[in-house]
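1. Predicted model and sequence below, questions to follow.
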Amino acid sequence: MASENHTVEGMEGDDIALPLGTSGATGFRWDVDLPAGLRLVDKSSVNTGKEAEYPTQAGGGPEQQLSVTGMAGVYQVSAKLIRPWDKANPIRHALIQLTIRPIS
């Protein structure tokens with residue numbers, strides 16, 4: 001299983017995008033473990049513009065976009081890229097250090 005680490009910063013009250021892109025056409029989805037103080041605000045498919053560059057590319061599709069919001073603080077977010085029917089065998093794991101700054 002591939003592993004990756006990310007550092008993300010944002011402001012309290014803002015929607016903060018997590019760096020966890022994947023194509024919705026693959027069957028894999030991110031299973032995200034959010035600590036107390038954070039909540040998921042968007043788990044949708046978005047078009048990235050790549051479709052226009054490669055309109056005939058097989059297997060293409062919109063990317064899954066995940067965003068969170070929360071109170072000021074430092075958080076560790078863990079995410080696993082899984083197939084919904086095979087949660088025991090993730091193909092990627094991401095650890096995200098998320099710092100949310102308070103509104104001044």
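-> Everything's here; your move. Bear in mind the structure is a predicted one, so any value in this text is a computation, not a measurement.

2. Mean confidence (pLDDT) on the helix or strand containing H93, please.
-> Following DSSP states H and E, one finds H93 within strand 92-101. Mean per-residue pLDDT for strand 92-101: 96.

3. what do you get for stretch 30-38?
-> On average, the pLDDT along stretch 30-38 is 93.

4. ok, and what's touching that stretch?
-> Contacts to stretch 30-38, defined as C-beta atoms under 8 Å, 6 or more residues apart in numbering, come from residues 18, 20, 22, 40, 64, 66, 68-71, 73, 75-82, 87, 90, 94, 98. For every residue, glycine as well, the C-beta is placed using N, CA and C.

5. Give the next helix or strand downstream of the lowest-mean-pLDDT helix or strand in the chain.
-> Among the helices and strands of the chain, helix 50-53 carries the lowest confidence by mean pLDDT, DSSP states H and E, at a mean of 46. For helix 50-53, the following helix or strand on the C-terminal side (DSSP H and E) is strand 63-70.

6. Next, the angle from that next one to strand 92-101.
-> For strand 63-70 against strand 92-101, the angle by axes from the mean of the first three to the mean of the last three C-alpha atoms, to 10 degrees is 40 degrees.

7. How far does strand 63-70 sit from its chain's centre?
-> From the chain centre to the centre of strand 63-70 is a distance of 5 Å (C-alpha atoms, centre = their mean, to the nearest Å).

8. Next, the buried residues of the helix or strand following that strand.
-> Using DSSP H and E, the next helix or strand after strand 63-70 towards the C-terminus is strand 73-82. Neighbour-count burial for strand 73-82 flags 75, 77, 79-82 (criterion: 16 or more other C-beta atoms under 10 Å).
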